[in-house]
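Student: Take this sequence and fold it.
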Amino acid sequence: MKAKIIAFIILVLLIVIFVAVLIGLEPAKKSAPTKEAPIDNQKNELIKEAEKIVNESKEDKKFYDFVYIINPNISIKDYNNLKDSIEKYNKETRLTNIEFLAVCAHESLLVRKASSPSNDYGICQINLGTARFLNGKPVDIKHLYEIDFNIMLASKLMKLNLAEIDKIFPDETEGFKKLVLISSYNMGVFRSVNLAKRGQLTSVYNEKVMKTLIRGTKI
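Tutor: Below is the predicted model:
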């Protein structure tokens, strides 16, 4: 019995070896060639990427030129903080970074420690009372001189104002809403809305911001 089992195992092993040899003798099948994107598509992707880099560098240069036209004495540290903070917080105001910068420039001439007799402080001239409201707790004046914190509060105020403007003027154009938004930063959203309803869309403040924008972009 034991001899039969051993013979059966040997037979199975021989069959396995035979099959393995046959498989080894078969010519190797070529794997299907990897399908590469057509050269034209690759070129188009490279062109798009290059255009994106060029456009970004143009925007960076425009921003840089604007800042140093308005405040040629700004430090590199303040410049970097200003640029980084606007890019970080100006996402929901629907203003371009340059338009947001124009508001800051008109408010403070981009001087980090700017202040006014009406208790407005910092790069965006945030009022101390407004800062307390936006922050949800008292704010030390020294913190309003921090560019990141100041711009965070300014963008928060604009976002709140924009929500009211969208509610009151749901069917108006983005350009119309931008003008109301910019004037609301100076005179408050409800006064700005009332002026817009009376057809007085371009306030004195808007005109001053636009002049700053024109000066900074050398239009």
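
Student: going forward, measure contacts between C-alpha atoms and count neighbours the same way
Tutor: Noted.

Student: Can you point out the buried residues in stretch 61-76?
Tutor: Residues of stretch 61-76 classed as buried under the neighbour-count rule (16 or more other Cα atoms under 10 Å) are 63-67, 70-71.

Student: and that stretch, what's its mean pLDDT?
Tutor: Mean pLDDT, stretch 61-76: 92.

Student: what sits up against that stretch?
Tutor: Stretch 61-76 is contacted from outside by 79, 83, 98, 105, 109-111, 215-217, using Cα atoms under 8 Å, 6 or more residues apart in numbering.

Student: what separates it from the chain centre, distance-wise?
Tutor: Relative to its chain's centre, stretch 61-76 lies at 20 Å (Cα atoms, centre = their mean, to the nearest Å).

Student: Using PDB, list the CA coordinates for that stretch.
Tutor: Taking C-alpha atoms only, stretch 61-76 is exported to PDB below (Å, rounded to 0.1, in the frame of the first residue of the first chain):
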ATOM      1  CA  LYS A  61       5.200  91.400 -10.800                       C
ATOM      2  CA  LYS A  62       2.100  93.500 -11.000                       C
ATOM      3  CA  PHE A  63       1.600  93.100  -7.300                       C
ATOM      4  CA  TYR A  64       5.200  93.900  -6.500                       C
ATOM      5  CA  ASP A  65       5.200  97.000  -8.700                       C
ATOM      6  CA  PHE A  66       1.900  98.200  -7.100                       C
ATOM      7  CA  VAL A  67       3.200  97.900  -3.600                       C
ATOM      8  CA  TYR A  68       6.500  99.700  -4.200                       C
ATOM      9  CA  ILE A  69       4.800 102.500  -6.200                       C
ATOM     10  CA  ILE A  70       2.600 103.200  -3.200                       C
ATOM     11  CA  ASN A  71       5.200 102.600  -0.500                       C
ATOM     12  CA  PRO A  72       8.700 102.500  -1.800                       C
ATOM     13  CA  ASN A  73      10.000 102.200   1.800                       C
ATOM     14  CA  ILE A  74       8.100  99.000   2.700                       C
ATOM     15  CA  SER A  75      10.400  96.300   4.100                       C
ATOM     16  CA  ILE A  76      10.800  93.000   2.400                       C
END
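
Student: Strands along the chain, start to end?
Tutor: Assigned by DSSP state E, the chain shows strands spanning 120-121, 126-127.

Student: With respect to burial, which of those scores highest?
Tutor: When those are scored by mean count of other Cα atoms under 10 Å, the highest mean neighbour count falls to strand 120-121 (a mean of 24).

Student: packing partners for it?
Tutor: Judged by 3 or more Cα pairs under 8 Å, 6 or more residues apart in numbering; DSSP states H and E, strand 120-121 is in contact with strand 126-127.

Student: what's next to the strand it packs on, contact-wise?
Tutor: 118-121, 144, 150, 153-154.

Student: And the furthest pair within those?
Tutor: Ser118 and Leu153 (17.5 Å; Cα to Cα).
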